[in-house]
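J.: Got a sequence here, can you build the structure:
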Amino acid sequence: MQPTFVLVHGAFANSFSFAPLQAELGLLGHRSVAVDLPGHGFAATYSRAYQAPQDPEGLAITPGSIKGVTLADNAAHLVGVLERAKENGPVILVAHSRGGVTATAAANARPDLIDRIVYVSAWCPVDLDVNDYYAEPEMATVDAASLGLAMAGNPAELGLLRVNFRTADRDALAAFQAAFLADGTEGEFLTFLNTFQPDENLDVGTSADRAQAATWGRVPKTFVRLADDASMPLAMQDRLIREGDALTPDNPYDVRTLGGSHLKWLVDPAPAARVLGELSALTAPKG
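T.: Numbering: from 1, shown residues only. Reported below is the predicted structural model:
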């Protein structure tokens, strides 16, 4: 029975961004499903104020469907997908960026549904809560204010985080490309930017949602480092690996490395598909 790859997106993203990777996986003979977390994909809010010509005032106050969505909601939705996928054989859970927080929460709750968990430059909090890592030295080079250049509305009033990715502000666009796809062409960057959705939920969990040795720690795990990632620097990726290994020394990370930025592995997915194929071979039942 071939494993099923369950792919979990990061912040402001959705299942659409995995389409090129899924094509590569399919051509290599692998089965995959890309998840839309609650309030993402076709459940996202795209208001008329977001269309051209934009209405900045309207965009700042339009309600969003993702308001009130919690990490617990995300994890419960993912567990439901994992339950269905597990009916067909082994499951490899692949998470990118902020999606790692949801994957970790799901592994804490239902490790029995996951045969391997793969973090691709993804958050797996162990010693700190996710937001607290941003104050650590490993994140000193990250331009955390770049999203603020295109912020729309007040998160406290909207109950969500809203970014105008359709902005024409050159400084904001330059900051976004530097953070996410500095090694891509402008065309690739703008194309990917237009797959982003404007709204993201606010809840990234508490200390109770960090990786738990008794549950999460039972699942074989891989960390795919992205060597040129500016939004999660290699130093932070390596710190997360060290913390995970210290939590479960008898079940350390299998570590792989891909060249490229935070999004390059999705724009040029063939190398990542080959790595995932190798992990599939390790996970498939013997005999």
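J.: in the stretch 151-287 of the chain, which segments are predicted with low confidence?
T.: Residues of the stretch 151-287 of the chain meeting the criterion pLDDT under 70: 284-287.
J.: Kindly tell me how buried the residue nearest to Asp254 when sequence neighbours are not counted is, as a neighbour count.
T.: Closest residue to Asp254 apart from its sequence neighbours, by Cβ to Cβ, 6 or more residues apart in numbering: Thr222 at 4.4 Å. Heads up, the C-betas are built off the backbone N, CA and C, glycines and all. When neighbours are counted by other Cβ atoms under 10 Å, Thr222 registers 21.
J.: Then Leu282?
T.: 13.
J.: Repeat that for Ala60.
T.: 16.
J.: can you check the one 3 residues further on too?
T.: Residues within reach of Pro63, counting by other Cβ under 10 Å, total 12.
J.: How is it assigned, secondary-structure-wise?
T.: Secondary structure for Pro63, judged by DSSP: H, G, I helix; E, B strand; the rest coil, is coil.
J.: Wait, it touches Glu157, no?
T.: No - counting by Cβ atoms under 8 Å, Pro63 stays clear of Glu157, with 10.4 Å between them.
J.: need the contact list for Leu160.
T.: Contact analysis of Leu160 by Cβ atoms under 8 Å, 6 or more residues apart in numbering lists 64, 66-67, 199-202.
J.: which of those residues tops the neighbour count?
T.: Asp199 (27 neighbours).
J.: Helix or strand: which one has the residue nearest to Asp127 when sequence neighbours are not counted?
T.: Leaving aside its sequence neighbours, Asp127 sits nearest to Glu243 (Cβ to Cβ, 6+ apart; 5.2 Å). Secondary structure from DSSP states H and E places Glu243 in helix 234-247.
J.: And Asn108, by the same measure?
T.: Going by DSSP H and E, Asn108 is part of helix 99-109.
J.: Name the residues of that helix that are buried.
T.: 99-109 (16 or more other Cβ atoms under 10 Å).
J.: which helices and strands sit right next to the lengthiest helix in the chain?
T.: With DSSP state H setting the assignment, residue counts place helix 71-86 as the longest helix in the chain. Here helix 71-86 is seen to pack against strand 4-8, strand 31-35, strand 91-96, helix 99-109 when contacts are counted using 3 or more Cβ pairs under 8 Å, 6 or more residues apart in numbering; DSSP states H and E.
J.: one step back: using the three-state scheme, assign the residue nearest to Asp254.
T.: strand.
J.: pretty sure it contacts Val118?
T.: Yes - with contact defined as Cβ under 8 Å, Thr222 and Val118 form a contacting pair (4.6 Å).
J.: Find the residues that touch each one of those two.
T.: Common neighbours of Thr222 and Val118 (Cβ under 8 Å, 6+ apart) are Leu279.
J.: on that earlier part again, and the following helix or strand past the helix holding Glu243, what's buried?
T.: Note on helix 234-247: by DSSP H and E, the next helix or strand toward the C-terminus is strand 254-258. Neighbour counts over strand 254-258 (16+ other Cβ under 10 Å) mark 256, 258 as buried.
J.: Show me what strand 254-258 is packed against.
T.: Helices and strands touching strand 254-258, as assessed by 3+ Cβ pairs under 8 Å, 6+ apart, comprise strand 221-226, helix 270-283.
J.: and Asp169, how many residues sit next to it?
T.: For Asp169, using other Cβ under 10 Å, the count is 12.
J.: thought it was touching Leu149?
T.: Yes - Asp169 is within contact range of Leu149, at 6.3 Å (criterion: Cβ under 8 Å).
J.: Quick check on the spatially closest residue to Ser97 that is not a sequence neighbour: phi, psi?
T.: With sequence-adjacent residues excluded and distances taken as Cβ to Cβ, 6+ apart, Ser97 is closest to Gly10, at 2.9 Å. Main-chain dihedrals, Gly10, degrees, to the nearest 10: phi -100, psi -160.
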